Structures are given as C-alpha cells and as structure tokens.
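Student: coordinates only, no sequence provided:
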C-alpha cells in the first residue's frame with residue numbers, strides 16, 4: 001500500500017507512506033522556521049531527520065521515495 005497526503009494550512013505537510021508485510025516506511029515533510037524538515041521513519045522509529053533550506057532537495061527526497069515505490073511495485 002502506498003499513500004501520499006498533503007495539507008495546505010498554516011503549516012505545510014507532506015506524508016509519504018508505504019506498508020508491506022507488516023512494516024511501514026514513512027517520510028514526513030513539514031515547513032519549519034528555517035527550512036523544510038524531513039523525517040524518515042521505519043516502523044514508527046525515526047531513522048533520519050534533516051532540515052533542508054532548498055525546496056529542490058526536498059523534491060529529490062520525494063522523488064526517491066516514489067521511485068523506490070515504483071521499483072517495488074514492478075518487482076512484485
């Protein structure tokens with residue numbers, strides 16, 4: 001399962017999520033005070049957290065997640 005969610009309120013947020021065999025991989029992107037906060041989780045455990053000042057780097061993170069999802073879907 002793959003889910004993407006976007007909220008456009010005061011605080012911008014994107015959540016990309018993939019569930020497979022009882023495991024969850026999630027990337028959560030929020031607009032912080034100094035840039036874009038990107039948090040990667042695996043099974044609700046934070047494995048990577050970084051702040052980017054450049055939106056294009058955030059787009060690369062989203063694209064990498066989506067490419068990984070596409071590769072996973074074609075290999076099933």
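Tutor: Nice, I can see it. Bear in mind the structure is a predicted one, so any value in this text is a computation, not a measurement. Numbering: from 1, shown residues only.
Student: all contacts plus neighbour counts: C-alpha atoms, from now on.
Tutor: Noted.
Student: centroid-nearest residue for the chain?
Tutor: residue 27 (2.3 Å; CA atoms, centre = their mean).
Student: in three-state terms, label the closest residue to that one other than its chain neighbours for me.
Tutor: In space, and not counting its chain neighbours, residue 27 is closest to residue 40: 4.5 Å by CA to CA, 6 or more residues apart in numbering. When classified by DSSP: H, G, I helix; E, B strand; the rest coil, residue 40 comes out as strand.
Student: so the residue nearest to the centre of the chain is in contact with residue 45, correct?
Tutor: No. Using CA atoms under 8 Å, residue 27 is not in contact with residue 45; the gap is 11.3 Å.
Student: show me the shaky parts of the protein.
Tutor: Low-confidence segments of the chain (pLDDT under 70): 1-11, 75-76.
Student: and the strands in it?
Tutor: Shown for the chain, the strands assigned by DSSP state E span residues 2-8, 12-20, 23-31, 36-42, 45-52.
Student: now these in CSV, with distance to residue 74?
Tutor: CSV is the format used below for those (distance: least, CA to CA, whole Å):
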stretch, distance to residue 74
strand 2-8, 14
strand 12-20, 14
strand 23-31, 18
strand 36-42, 22
strand 45-52, 26
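Student: so which of these is nearest residue 63?
Tutor: Ranking these by proximity to residue 63 (CA to CA) places strand 12-20 first, at 10.5 Å.
Student: okay, now the sheet partners of that closest one, with direction.
Tutor: strand 2-8 (antiparallel), strand 23-31 (antiparallel) (DSSP bridges).
Student: so what's residue 36 bridging to?
Tutor: With DSSP bridges as the rule, residue 36 is bridged to residue 31, residue 52.
Student: how close does it get to residue 30?
Tutor: 6 Å (CA to CA, to the nearest Å).
Student: cool, residue 57 as well?
Tutor: In terms of CA to CA, residue 57 sits 13 Å off from residue 30.
Student: likewise residue 61?
Tutor: Applying CA to CA to residue 61 and residue 30 gives a distance of 13 Å.
Student: what of residue 24?
Tutor: 19 Å.
Student: give the contact list for the residue nearest to residue 27.
Tutor: By CA atoms under 8 Å, 6 or more residues apart in numbering, the contact set of residue 40 is 25-28, 46-49.
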